[in-house]
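Trainee: based on what follows, work out the 3D shape:
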Amino acid sequence: LISPIGNKINVYDLANNTSYTMPVEAPRDILRLAISPDGSLLIAVTEDGRAVVINFRRRVILGRFNFRDKVTCLAFSPNGKYFAVAVKHQVKIYSCPKVYKEFHPFLLYNKLWQHNAPVTAFDWSSDSEYLATTAKDGALRVFIVRKKKSHPMIIGGANIPCGVFFSLDNSQLFVVSKTGSVLIASMVEKHKWKIVSKHKLGITDEGVKSCAYDKERQHIILGYTNGVFNIYDVGPLARGANIHSLSITQTKISSIALNKSGEWLAFGCPDRGQLLVWEWQSETYVMKQQGHYHEMNASSFSPDGQLIATAGDDNKLKIWNTHSGFCFVTFTEHTAPVTAVQFSPKQGSQVVVSASMDGSVRAFDLLRYRNFRTLTAATPCQFSCLSIDPSGDIIAAGTADSFEICVWSMQTGKMIEQLTGHTSTISGLAFNPSSSILASVSLDHYFILWDVFEGKPSREAFNFNSDLFAVSYSPDGKEVCSSGLDVFFLFCDFFCGFFFFFFYFFIFFFFFFFFFFFFFFFFFFFFF
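Mentor: Modelled structure (predicted):
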């Protein structure tokens, strides 16, 4: 299963439960995908009409092209010789590119101009001789690809078509409108078509957002704006019978795809970031993945590199497997955006801790998938960052409103200390891997070092001329790095800093006394 994610392309192996991201990056978000019948070429088109031709097996880019406008439809011909592109009210047919790099891989073969409105859908016949197109003006046209001729049929301007499909033997055409009705056209003679019947699929008032057609079984799958999909049998014995229905999400289903056997149905729901694969005969999920449907705020690798934890504005914490690329657990205990996440250094990949704007820091057990510890401050506040000490027992979290750092014990769940000193939102925290020093940065331009294990916290503050956003120690704890609004990275080596301080201090006084005694003896011998 191939799916675009932003300007990247993900490939999912449903049989082996693995996935990978192709090493290809488009200039904008990818809107359309088409793969050749033999699986060797993949064409990806962005939302502004820029196309990329990819050798799918080798995962390399073969060429680029700009259609200069939004592409509404894209598909290869069944014989693999051509591919068609719908741009506004015209359809362009190109010769299929080669699997190796060419100077100009996009060679125009034919151009179809007969529509008076933007094209909404098209479909190739199984012999690649005909191309059926529909547009917003309600017109259905069947083109002879070699001769540029078409047979127009007006199916009604009120019902905007959203899909058109040839039957397996090319003797019938099925046109699906956004109101859920299906028009059936038959070939009465060579190159002549006629509408023979019309059927209303279902009784729902929800609009059809996407559709697909299984030519082997003669099933039409409709995806609605309310997250429901229906499977209808449009064969000659059961015209429009509903054989399967399921609600899979609360938002619109924007795309539907079928596998070769027609047993697995893939659904894409961009509003919630959902990608679902449903086996309709056994009524089971083959794959059910959902990313963060709002901005992602933080991520963290587990110490062994096997897992990734992500936190987002959708109040969710997700755990991903780095080998398969799938999310296997989602925690929904937070009631506000999750701002920070980190794995416990001592427990490895078994404990993950998150901080949220709801005023809580939660620790989750990845063996039993439960929230076993909830830490809160004495007064309500919003947490913006967190850090865990190397022993895994001390948790520190910075606030965005009270400008203080709260320190707890993981074992007891009690607050140990509240560190005050910043005058703005605390944006980053980091424990030294080899000592008890905690580094904090804030939007008040201050970088502060704390010793949280002393009876009275001592601090060393450094003032900079820019807002600071993040801080991190090197693995040996000798260096610390901080980044700020001016897009700079500050590296500090404290051991070398003290060494050079005393070194230059010694050099300064050496030369001072040397010149002092030199001038003293010079003037003494000169005058006396």
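
Trainee: okay, CA-based contacts and neighbour counts for the rest of this
Mentor: OK.

Trainee: what mean pLDDT does stretch 126-142 get?
Mentor: Stretch 126-142 shows a mean pLDDT of 90.

Trainee: go on, stretch 29-45?
Mentor: The average pLDDT within stretch 29-45 is 96.

Trainee: can you list contacts of that stretch?
Mentor: 3-8, 46-47, 51-57, 71-80, 99 (C-alpha atoms under 8 Å, 6 or more residues apart in numbering).

Trainee: taking those one by one, which sit in helices?
Mentor: Judged by DSSP state H, the contacts of stretch 29-45 include no members of helices.

Trainee: what's the burial count for residue 128?
Mentor: Per other C-alpha atoms under 10 Å, the neighbour tally for residue 128 reads 18.

Trainee: returning to what we had before: taking the contacts of stretch 29-45, please make a PyMOL selection of just the buried ones.
Mentor: A single PyMOL command selects the buried members of those (16 or more other C-alpha atoms under 10 Å):
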select buried, resi 3+4+7+8+46+47+51+52+53+54+55+56+71+72+73+74+75+76+77+78+80+99
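
Trainee: in strands, which of the contacts of stretch 29-45 appear?
Mentor: Among the contacts of stretch 29-45, DSSP state E puts 3-5, 8, 46, 51-55, 71-76 in strands.

Trainee: need the max-distance pair from these.
Mentor: Farthest-apart pair in the ones in strands among the contacts of stretch 29-45 is 55 and 72; separation 22.8 Å (C-alpha to C-alpha).

Trainee: now the nearest residue to residue 369 once chain neighbours are set aside: which helix or strand?
Mentor: Counting by C-alpha to C-alpha, 6 or more residues apart in numbering, residue 369 lies nearest to residue 329, which is 7.7 Å off, once chain neighbours are set aside. Assigned by DSSP states H and E, residue 329 belongs to strand 327-331.

Trainee: now for that strand, which elements pack on it?
Mentor: Applying 3 or more C-alpha pairs under 8 Å, 6 or more residues apart in numbering; DSSP states H and E, we find strand 327-331 packed against strand 317-321.

Trainee: can I assume residue 18 is in contact with residue 324?
Mentor: Yes: contact criterion C-alpha atoms under 8 Å: residue 18 and residue 324 qualify, at 4.1 Å.

Trainee: ok, of the ones in strands among the contacts of stretch 29-45, which one's closest to residue 387?
Mentor: The closest of the ones in strands among the contacts of stretch 29-45 to residue 387 turns out to be residue 5 (C-alpha to C-alpha; 30.6 Å).

Trainee: how close does the closest one sit to residue 160?
Mentor: 28 Å (C-alpha to C-alpha, to the nearest Å).

Trainee: again, but for residue 264
Mentor: To residue 160, residue 264 is 28 Å away according to C-alpha to C-alpha.

Trainee: quick one: residues contacting the nearest residue to residue 95 once chain neighbours are set aside.
Mentor: Leaving aside its sequence neighbours, residue 95 sits nearest to residue 82 (C-alpha to C-alpha, 6+ apart; 4.5 Å). Shown in contact with residue 82 (C-alpha under 8 Å, 6+ apart): 76, 93-96.

Trainee: at 6 Å what do you get?
Mentor: By C-alpha atoms under 6 Å, 6 or more residues apart in numbering, the contact list for residue 82 reads 76, 94-96.

Trainee: tell me how far it lies from residue 36.
Mentor: 9 Å.

Trainee: quick check: buried residues in stretch 206-220?
Mentor: Applying 16+ other C-alpha under 10 Å to stretch 206-220 flags 207-214, 219-220 as buried.

Trainee: oh, I was asking about stretch 327-335
Mentor: The neighbour-count check on stretch 327-335 (16+ other C-alpha under 10 Å) flags 327, 330, 334 as buried.

Trainee: may I have it as CSV, with CA atoms only?
Mentor: Taking Å, rounded to 0.1, in the frame of the first residue of the first chain, the C-alpha atoms of stretch 327-335 are listed here in CSV:
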residue,chain,number,x,y,z
CYS,A,327,2.2,2.9,16.0
PHE,A,328,1.2,0.2,18.5
VAL,A,329,-0.2,2.1,21.4
THR,A,330,-1.8,5.5,22.0
PHE,A,331,-2.3,7.0,25.4
THR,A,332,-5.2,9.5,25.8
GLU,A,333,-5.0,10.3,29.6
HIS,A,334,-3.9,13.9,29.0
THR,A,335,-6.7,16.5,28.6
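
Trainee: let's number from 491 now, not from 1
Mentor: With the count now opening at 491, the last piece we talked about shows up as stretch 817-825.

Trainee: need the contact partners of that stretch.
Mentor: Residues from elsewhere that reach stretch 817-825 (C-alpha under 6 Å, 6+ apart): 805-810, 848.

Trainee: what's the answer for stretch 499-509, then?
Mentor: By C-alpha under 6 Å, 6+ apart, stretch 499-509 touches 491-493, 510-512, 814-815.

Trainee: 7 Å instead, please
Mentor: With contacts defined as C-alpha atoms under 7 Å, 6 or more residues apart in numbering, stretch 499-509 is touched by 491-494, 510-512, 814-815.

Trainee: picking up where we left off before, can you list the contacts of stretch 817-825 in JSON lines and add pLDDT?
Mentor: Below are the contacts of stretch 817-825 laid out as JSON lines (pLDDT from 0 to 100):
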{"residue": "805", "pLDDT": "95"}
{"residue": "806", "pLDDT": "95"}
{"residue": "807", "pLDDT": "96"}
{"residue": "808", "pLDDT": "96"}
{"residue": "809", "pLDDT": "96"}
{"residue": "810", "pLDDT": "95"}
{"residue": "848", "pLDDT": "95"}
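
Trainee: so which of these is the most crowded?
Mentor: Busiest of the contacts of stretch 817-825 [other C-alpha under 10 Å] is residue 807, holding 29 neighbours.

Trainee: rewinding a little: okay, the residue nearest to residue 859: pLDDT?
Mentor: 94.

Trainee: is it bridged to anything, and to what?
Mentor: Beta bridges link residue 819 to residue 809 when assigned by DSSP bridges.

Trainee: that one and residue 737, how far apart?
Mentor: 22 Å.

Trainee: ok so, going back, what about the strand holding residue 819, distance to the chain center?
Mentor: 16 Å (C-alpha atoms, centre = their mean, to the nearest Å).

Trainee: how much does whatever helix or strand comes next after that strand deviate in direction from strand 807-811?
Mentor: Next helix or strand after strand 817-821 toward the C-terminus (DSSP H and E): strand 828-833. Strand 828-833 runs at 40 degrees relative to strand 807-811, counting by axes from the mean of the first three to the mean of the last three C-alpha atoms, to 10 degrees.

Trainee: which strands or helices does strand 828-833 pack on?
Mentor: For strand 828-833, the helices and strands in contact under the criterion 3 or more C-alpha pairs under 7 Å, 6 or more residues apart in numbering; DSSP states H and E are strand 786-791, strand 797-802, strand 841-846, strand 873-878.

Trainee: quick one: mean pLDDT for the helix or strand hosting residue 906?
Mentor: Applying DSSP H and E as the criterion places residue 906 in strand 905-910. The pLDDT scores in strand 905-910 average 91.

Trainee: who's in contact with it?
Mentor: Identification of contacts with strand 905-910 by C-alpha under 7 Å, 6+ apart yields 894-899.

Trainee: what packs against the helix or strand just after it?
Mentor: Using DSSP H and E, the helix or strand that follows strand 905-910 in sequence is strand 916-921. Of the remaining helices and strands, those touching strand 916-921 by 3+ C-alpha pairs under 7 Å, 6+ apart are strand 873-878, strand 927-932, strand 958-963.
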